[in-house]
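Visitor: Here is a sequence with its predicted model. Questions after.
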Amino acid sequence: MDSKNKLDIADFRTETRAWLEENCPKSMCQPIKDASDFYWGGRNAKFSFEDQRLWFERMLEKGWIVPYWEKKYGGGGLSPKENTILTQEMSRLGCRKPIYSFGISMLGPALLQFATEEQKLKYLPEIVKGKIWWCQGYSEPNSGSDLAGLHMKADDKGEYFLVTGSKVWTSYGDKADWIFCLVRTDSNSPKHRGISFLLIDMKSQGVSTRPIKLISGKSPFCETFFDAVKVPKTNLVGNLNEGWTIAKFLLTHERQMIGGIGETDIKENPHKLAKKELPFESGKLKDSILRTEISDFELDDEIFNLTIQRIVDEAKAGNNSGALSSFFKYYGTELNVKRFELLLSISGSDGLLWMDDKSSGINIARNFCRSKGNTIEGGTSEIQLNIIAKRILELP
Amino acid sequence: MALIITEEEKMLKEAARELLETKVSIDQFRLLRDENYQSFDRSTWNEIIEMGWTSLIIPAEYNGLDFGYVGMGQVLEEMGRKLVKSPLISSILFSATAIKYSDNEKLKIKFFPKLMNGEALMSLAVDEKSYHDPDNINTKVTEEKKCYRLNGKKTFVLNGNFSDHLIVLAKIDSKEYGLFLVKSDTLGITIKNKILLDTSTYSEIILNDVLVPKEHRLDIKISGMELIKKVLDISCIGLSAEILGVIMESFELTINYLKEREQFGVKIGSFQSLQHRAAKLFSEIELCKSIVLKALQAIDKEDKDISNYASLAKAKLCKTAKLVTNEAIQMHGGIGVTDDSNIGFYLKKARVLQKIFGDYNYHLDKLAKNKGY
């Protein structure tokens, strides 16, 4: 890097810091407390409070909703270096995201990679403005781990596709405006080669949803039904019958998110809870078995975090790490399941409380139940191990 | 600091791999054992000196390469892969490190050149019982007019059979330790050599009124307690790098075997029960790589958390070494428990390395203590 460039980068940091300090409302620098703290946008968008609106609108005007997309798509046009600085400065101040959006985190990257220029210009700016709340339609009642065996049909009717079938595990399916789906467009080819990637307006005639209740209580998941829904041909992304490529691209993306890359939530440390809740004897936890379990868990947890750092650093240095997303998904979610087993052990009978009447902290019982889904959603642990064995270890 | 190795470190690692693959190989390990448990191969040791590996951690002001512990770790990892027997661990990783972090300038000037050119071979005498417990040292030192007098018993001293100098940890009083450099042939020293599981020689050393010149104390103004802690931390990190090599080679040998061996008319690597276990080993090894590098970097940066990183590294590597070498034997099946196969050597080497300066249990306990529970 030449000295002029270095100077520009330093200036960028100073300016960014000053702008964020001036424009991010105090209440938007607080950790997330409940569901009302997430702004999702969409056709029926409602801000929960004034500062939330202010923060979104200021960031939108600045071009920093999606700072790293090109300006013609509504992005900020920042270089990777500048984007890193912005992310660092936002996390330094504790700024919340101005909007939570599967459009930004999931669909956007797929459109950038696979869509036509016309489609990019149509959909990306709307994502940035938060006009459309997107959800994802992948799994089906009979296609879970065997995702490529999906059945939801999109028949070519000349002018349009006629879509019939159902999707499951649609996050916020009851609130979202549009859905990006994997559909079967050819039933005669091998299963991976008859799938296409289709965008569907949830307002279309024949679309309906039903919420799913999990063992942890309520959840954002829905079942989504498609009963002879007409979808314009122009809503196809990528080539006909080549949707599996996009699906794999997005699954890699999703696994990294679930596995913990890019996640900034602070996770509860079991040993801290143990120090608060449990009896000690000569300077050590009295329950020596639990003490060993905590120490062993935190050994792996700490080193897993270092591993995320190592792989990110290696990627920056040019070593491709795509196949490793299965490792992250597998290991990160298995750790999370262990974490909640431990927290449940440590918190004794208090940890069993179901209603939110505990004065502080997270509801352990419900989060414990929810964690059981982590090793299933986005491809089960067993599927991830299959992928590691085949793609990385190249076993027959 | 990015968690990756630099170009120079990578080159060093590749050079080490090339030399060890072509000139040493695992056959040498078997040969040395079959020829009456020889401790090391002289010509390999000369190559190691020639390559400069004995000078990697020696500061430039003493004509060392000053390459740092990350570089040293790359060499140790490659040596672990081929189970290379040499004085590098005892003489350089343990002993040169102790002298490096001591404040005895005269010892540095006198011994660094001899350690680098292999003229002096040293080892570190810490343990006294069959388990690692550096907080309870009973070897006693008393100060006399012109010298120190050592009395006690040491055990599990790596390469004690051929080391001409020993660095002995001794207790001064209830609060302070001292480290003393003694010649192995000093009057009052009795050395009993024992062959262990990994075919190496470890010694039991009795010190009976051994007199040490005053200028041979490593800790002059600094605390001996602090010094030995630092030396043990660094040694554990270096040993973790060696264990990483042992783990990776035994894992790769096993994956290759799964791709070759046929039963029921197919390669056994096509069985999902073995695939999932192999994928789990792969994942644990990814974690091992990260902590070893982080801990090596912590030494070079003089990180204040080095003790924590040392215990994370040794605990994780011991845990994974046990898992991987056990699975390696099981997946090799019958051939795995024969002496004809090399895979058993990795199991044996791992178990010994696991016990040097604290095993998984020891370091897991230390981690919990450090966090106050």
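Guide: Ah, there it is.
Visitor: Against A:Phe114, how distant is A:Ile364?
Guide: When distance is defined by C-beta to C-beta, to the nearest Å, A:Ile364 is 42 Å away from A:Phe114. (C-beta placed from N, C-alpha, C; glycine too.)
Visitor: What residues of the host helix or strand of A:Arg17 count as buried?
Guide: Assigned by DSSP states H and E, A:Arg17 belongs to helix A:3-23. Using 16 or more other C-beta atoms under 10 Å in any protein chain shown as the test for burial, helix A:3-23 gives A:Ile9, A:Phe12, A:Thr16, A:Arg17, A:Leu20, A:Asn23.
Visitor: same thing with stretch B:139-153?
Guide: Buried-residue list, stretch B:139-153, by 16+ other C-beta under 10 Å: B:Thr139, B:Val141, B:Cys147, B:Tyr148, B:Arg149, B:Leu150, B:Asn151, B:Gly152.
Visitor: which SS state does the second one fall under?
Guide: What it means is B:Val141. State at B:Val141, reduced to three classes by DSSP: H, G, I helix; E, B strand; the rest coil: strand.
Visitor: In the stretch 151-300 of chain A, what residue lies closest to chain B?
Guide: Closest residue of the stretch 151-300 of chain A to chain B, C-beta to the nearest C-beta: A:Ser295 (4.3 Å).
Visitor: A strand includes that residue, no?
Guide: No: counting by three-state DSSP, A:Ser295 is not found in a strand; it is helix.
Visitor: Give me the nearest residue to it, chain neighbours excluded.
Guide: Distances taken as C-beta to C-beta, 6 or more residues apart in numbering or on different chains put B:Ala368 closest to A:Ser295, at 4.3 Å, once the chain neighbours are dropped.
Visitor: and A:Ser219, what does it touch?
Guide: Neighbouring residues of A:Ser219 by C-beta atoms under 8 Å, 6 or more residues apart in numbering or on different chains: A:Pro211, A:Ile212, A:Lys213, A:Arg370.
Visitor: For beta bridges, what are the partners of the residue nearest to the first one when sequence neighbours are not counted?
Guide: Pointing back at A:Pro211 there. Spatially, and ignoring its direct neighbours in sequence, A:Pro211 is nearest to A:Cys222 (5.3 Å; C-beta to C-beta, 6+ apart). For A:Cys222, the beta-bridge partners are A:Thr170, A:Pro211 (DSSP bridges).
Visitor: One more: A:Asp201?
Guide: Beta-bridge pairing of A:Asp201 under DSSP bridges involves A:Trp178.
Visitor: Neighbours of it, how many?
Guide: When neighbours are counted by other C-beta atoms under 10 Å in any protein chain shown, A:Asp201 registers 15.
Visitor: Close to chain B: what parts of the stretch 151-300 of chain A are there?
Guide: A:271, A:274-275, A:280, A:283-285, A:291-292, A:294-296, A:298-300 (C-beta under 8 Å from any C-beta of the partner chain).
Visitor: mind checking pLDDT for residue 256?
Guide: Picking chain A for this. Note on A:Gln256: pLDDT of 67.
Visitor: Actually, chain B is the one I wanted.
Guide: 98.
Visitor: Against which helices or strands is the host helix or strand of it packed?
Guide: Following DSSP H and E, one finds B:Asn256 within helix B:224-260. Under the contact definition 3 or more C-beta pairs under 8 Å, 6 or more residues apart in numbering or on different chains; DSSP states H and E, helix B:224-260 sits against helix B:69-81, helix B:97-100, strand B:177-183, strand B:266-267, helix B:272-300, helix B:306-332, helix B:343-355.
Visitor: ok, now which ones touch B:Thr155?
Guide: B:Asp127, B:Glu128, B:Lys129, B:Ser130, B:Tyr202, B:Ser203, B:Glu204, B:Ile205.
Visitor: In chain B, what helix or strand scores lowest on average pLDDT?
Guide: None of the helices or strands of chain B scores lower by mean pLDDT, DSSP states H and E than helix B:25-34, at a mean of 93.
Visitor: Next secondary structure element downstream of that helix?
Guide: Next along from helix B:25-34, by DSSP H and E: helix B:42-50.
Visitor: Tell me the buried residues in that next one?
Guide: Result for helix B:42-50 [16+ other C-beta under 10 Å]: buried residues B:Thr44, B:Trp45, B:Glu47, B:Ile48, B:Ile49.
Visitor: B:Glu21 - how many residues pack around it?
Guide: 13.
Visitor: Pull up the gap between the residue in chain A sticking out farthest from the centre and A:Thr292, please.
Guide: In chain A, counting by C-alpha atoms, centre = their mean, A:Ser282 sits farthest out from the average C-alpha position, at 44.4 Å. According to C-beta to C-beta, A:Ser282 and A:Thr292 sit 16 Å apart.
Visitor: would you turn the helices and strands packed on helix B:224-260 into a markdown table with distance to B:Glu226 and mean pLDDT?
Guide: Compiled in a markdown table, the helices and strands packed on helix B:224-260 are given as follows (distance: least, C-beta to C-beta, whole Å; pLDDT from 0 to 100):
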| stretch | distance to B:Glu226 | mean pLDDT |
| --- | --- | --- |
| helix B:69-81 | 18 | 98 |
| helix B:97-100 | 12 | 98 |
| strand B:177-183 | 9 | 98 |
| strand B:266-267 | 55 | 98 |
| helix B:272-300 | 15 | 98 |
| helix B:306-332 | 11 | 98 |
| helix B:343-355 | 24 | 98 |
